[in-house]
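Visitor: give me the fold of what follows.
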Amino acid sequence: MARLAESIRNIWKIEELRRRILYTLGVLVVYRLGAYVTLPGVDAHVLAEINKNSDPNNLFGLLDLFVGGAFSAAGIFALGIMPYITASIIIQLMGAVVPYFQKLQREGEDGRRKITQLTRYGTVGITALQAAGFAINLQYGATSQAIVINSTFFMISTVIVLTAGTVFVMWLGERITESGIGNGISLIIMIGIIARLPASLFNEFQLSSNLFIFLMEIGILTLVTMGVVLLTQGMRRIPVQYAKRIVGRKVYGGTTQYLPLRVNAAGVMPIIFAQSIMFVPATVA
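Guide: Predicted coordinates:
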């Protein structure tokens, strides 16, 4: 613990690193504030009353988890960064089957810049389609009573605002990657997931009839988190022996290095996709 505290103090002594951390925190605060800004034409109080009686254990509840509650609250960042992730996956898959994208992948920096541009265009298109579906769900679903403006104007404004919101979130992620501590997209997804953690812990503490049971739950949660981190970061080091070679009077090589192979190369994405697929039948029903 003393070593951890010393490491944290050393971080703040480095001016550039301190500036990057503060910049990242500021961007994440802006992202969280946007989740509480409701779409034009939606009565937030009526929507909150409707959501109290809804079942969160469905596909929409899973989407709401990744955006920190902005989906159920009809926030301007309701779609979050997910359209960008979808567009990135589509572009990567097309790189395996479409010759044009294969050519771009081999062109180095210019090709990556073009792929990034196409990914952004794809994000806008996917977000517009999802925004239209989101607006239809709000208008004609159980939340129809929360809509207080004309349906046509609500559809147009919702598509524009949600598309602009997702593009802005994508820009925030790029700012964190370039000017912050890096991994901007991952940090935005993470902050959306853990946004409800304090409230969930507080509710669990209120519902728990025994303090020991609550502390035991926290301990189990901590152990599970540690196990996931260890499994994700764990790797198997495969020894690689390089042969010696003689150049003039000097001997090169002959050293042993290691090829790191991750134990869980796929990460948590298969679990997320499997959970999404399991929610689809209940959501359709």
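Visitor: only C-alpha atoms for contact and neighbour calcs from this point on.
Guide: Will do.
Visitor: centre of the chain to stretch 132-150, how far?
Guide: Computed by C-alpha atoms, centre = their mean, to the nearest Å, the chain-centroid distance of stretch 132-150 equals 26 Å.
Visitor: and stretch 47-65, by the same measure?
Guide: 19 Å.
Visitor: ok, now stretch 5-20?
Guide: Centre-to-centre, stretch 5-20 and its host chain are 26 Å apart (C-alpha atoms, centre = their mean).
Visitor: and for stretch 151-166?
Guide: Per C-alpha atoms, centre = their mean, the centroid offset for stretch 151-166 relative to its chain is 22 Å.
Visitor: would you mark the buried spots in it?
Guide: Within stretch 151-166, the residues that count as buried by 16 or more other C-alpha atoms under 10 Å are Phe154, Met155, Ser157, Thr158, Val159, Ile160, Val161, Leu162, Thr163, Ala164, Gly165, Thr166.
Visitor: so which residues make contact with it?
Guide: Where contact means C-alpha atoms under 8 Å, 6 or more residues apart in numbering, the residues beyond stretch 151-166 that reach it are 39-41, 76-81, 83, 124, 127-128, 131-132, 135-136, 139.
Visitor: one more time with 6 Å
Guide: For stretch 151-166, the external contacting residues (C-alpha atoms under 6 Å, 6 or more residues apart in numbering) are Ile76, Phe77, Gly80, Thr127, Ala128, Ala131, Ala132, Ala135.
Visitor: and the residue nearest to the last one when sequence neighbours are not counted, how far is that from Leu259?
Guide: Think Ala135. Nearest residue to Ala135, sequence neighbours excluded (C-alpha to C-alpha, 6 or more residues apart in numbering): Met155, at 5.8 Å. Met155 is 53 Å from Leu259, where distance means C-alpha to C-alpha, to the nearest Å.
Visitor: model confidence for Pro270, exactly?
Guide: The per-residue pLDDT reported for Pro270 equals 73.
Visitor: typed the wrong thing, it's Val161
Guide: So Val161 comes in at 93 (pLDDT).
Visitor: same deal with Gln206?
Guide: 79.
Visitor: low-confidence ranges in the stretch 151-285 of the chain?
Guide: The stretch 151-285 of the chain contains residues with pLDDT under 70 at 243, 246-248, 251-254, 266-269, 272-273, 275-276, 279-280, 282-285.
Visitor: all strands of it, in order?
Guide: Counting by DSSP state E, counting those that start in this stretch, the stretch 151-285 of the chain has strands at residues 235-241, 244-247, 250-253, 256-262.
Visitor: need those strands in a markdown table (columns: distance to Arg19 and mean neighbour count).
Guide: Formatted as a markdown table, the strands of the stretch 151-285 of the chain follow (distance: least, C-alpha to C-alpha, whole Å; neighbours: other C-alpha atoms under 10 Å):
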| stretch | distance to Arg19 | mean neighbour count |
| --- | --- | --- |
| strand 235-241 | 32 | 12 |
| strand 244-247 | 46 | 10 |
| strand 250-253 | 42 | 10 |
| strand 256-262 | 32 | 12 |
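Visitor: so which of those comes closest to Gly180?
Guide: For the strands of the stretch 151-285 of the chain, proximity to Gly180 was assessed by C-alpha to C-alpha; strand 256-262 is nearest, at 26.6 Å.
Visitor: strands paired with that closest one, and their directions?
Guide: Strand 256-262 pairs in its sheet with strand 235-241 (antiparallel), by DSSP bridges.
Visitor: and the partner strand, how far out from the chain middle?
Guide: In terms of C-alpha atoms, centre = their mean, the centre of strand 235-241 is set 32 Å apart from its chain centre.
Visitor: begin at 52 from now on, thanks
Guide: With 52 as the first residue, the last one maps to strand 286-292.
Visitor: if we can go back for a sec, distance to Leu155 added to the strands of the stretch 202-336 of the chain, as TSV?
Guide: Formatted as TSV, the strands of the stretch 202-336 of the chain follow (distance: least, C-alpha to C-alpha, whole Å):
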stretch	distance to Leu155
strand 286-292	31
strand 295-298	37
strand 301-304	35
strand 307-313	28
